[in-house]
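Undergrad: using only what follows, build the 3D model:
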Amino acid sequence: MSDSSRDTAEGAGWGTTERGAYQRLMPPKTEKISWLNPRMLWVARNGVLASWFGDPTGGTRSRWVAQRAATGAPAGKVIRRDDPDRFSFLVIGDTGEGDDPQYAVVPGLLRTGRDTRFAVLASDVIYPVGSADDYDTKFFRPYRDYQAPIYAIPGNHDWYEDLGGFMRVFCGDAPPL
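TA: Numbers count the residues shown, from 1 in each chain. So this is what the prediction gives:
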C-alpha cells in the first residue's frame, strides 16, 4: 500500500526525484484558456450573459433525460455494480483544462489509484465548453493508463455544448432531436 496524501508529503507527490514527469503525458501543444477573453465568456455562458440572453440548459436536460428513459436507462440513474464488501475508488473533479495543472496530478492519481475499482469524475470533465473535440487531449489522453472504469457527473461547463460530448463518451448516446 502506498502512502496517502493524508499521511505524508511523499504520498501527495512532494519530494519526488523526477520533477515534471507528467509533461511527457501532455500533447505537444496545449491551448491556454483565458477567462478574460470575451469570446471565452460568451461560449462558456457567463452567468450575466446567460441571464440577459437566456440559457437553454434546462430544456436540453429534459430532452436528454426523456431520451435516456426511452432507451431503458434506469429511472433512478443508478449504476449497479457487483463489488466486494470492501473496496477503494477515486473521486476527482474539475479536471478538464488540459494544461499543466491537470496533467501534473495524473502520475500520482495513477499510482494511488492502481488498486481502485473505479473513479468518479465529479464535475467539469471538459473546459471551457464541454466540446467533443476536446475529449482526446483533456480526458482520454491523461487518463488512458487508468485501468478501471471512470464514471462522471457533468458540471456546468459540460453543458455549454448541450452535453453532446459528455453523453457520447459516457453514455454512448447521440444528441436528442
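Undergrad: all the helices of the chain, residue numbers only.
TA: 38-43, 47-53, 57-70, 100-104, 106-112, 135, 164-171 (DSSP state H).
Undergrad: for the protein, what are the low-confidence residue spans?
TA: 1-6, 9-20, 30-31, 35, 41-51 (pLDDT under 70).
Undergrad: the strands in it, which residues?
TA: Ranges of strands within the chain are 90-92, 119-122, 150-153, based on DSSP state E.
Undergrad: can you tell me how far the residue positioned nearest the centre of the chain is from Lys138?
TA: Closest to where the C-alpha atoms of the chain average out (Cα atoms, centre = their mean) is Val125, at 2.3 Å. Distance from Val125 to Lys138, counting by Cβ to Cβ, to the nearest Å: 8 Å. Bear in mind the C-beta positions are built from the backbone N, C-alpha and C, glycine included.
Undergrad: overlap of the contact sets of the two?
TA: Both Val125 and Lys138 are contacted by 95-96, under the criterion Cβ atoms under 8 Å, 6 or more residues apart in numbering.
Undergrad: quick one on the thing from earlier: would JSON lines of the helices of the chain with distance to Asp7 be doable?
TA: As requested, the helices of the chain are exported to JSON lines (distance: least, Cβ to Cβ, whole Å):
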{"stretch": "helix 38-43", "distance to Asp7": "39"}
{"stretch": "helix 47-53", "distance to Asp7": "39"}
{"stretch": "helix 57-70", "distance to Asp7": "41"}
{"stretch": "helix 100-104", "distance to Asp7": "21"}
{"stretch": "helix 106-112", "distance to Asp7": "12"}
{"stretch": "helix 135", "distance to Asp7": "34"}
{"stretch": "helix 164-171", "distance to Asp7": "33"}
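Undergrad: that older thread, kindly reformat the strands of the chain as JSON lines containing distance to Thr71 and mean neighbour count.
TA: Converted to JSON lines, the strands of the chain look like this (distance: least, Cβ to Cβ, whole Å; neighbours: other Cβ atoms under 10 Å):
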{"stretch": "strand 90-92", "distance to Thr71": "28", "mean neighbour count": "15"}
{"stretch": "strand 119-122", "distance to Thr71": "23", "mean neighbour count": "18"}
{"stretch": "strand 150-153", "distance to Thr71": "18", "mean neighbour count": "16"}
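Undergrad: will you turn these into TSV that also has distance to Arg111?
TA: Shown next, in TSV, are these (distance: least, Cβ to Cβ, whole Å):
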stretch	distance to Arg111
strand 90-92	11
strand 119-122	14
strand 150-153	16
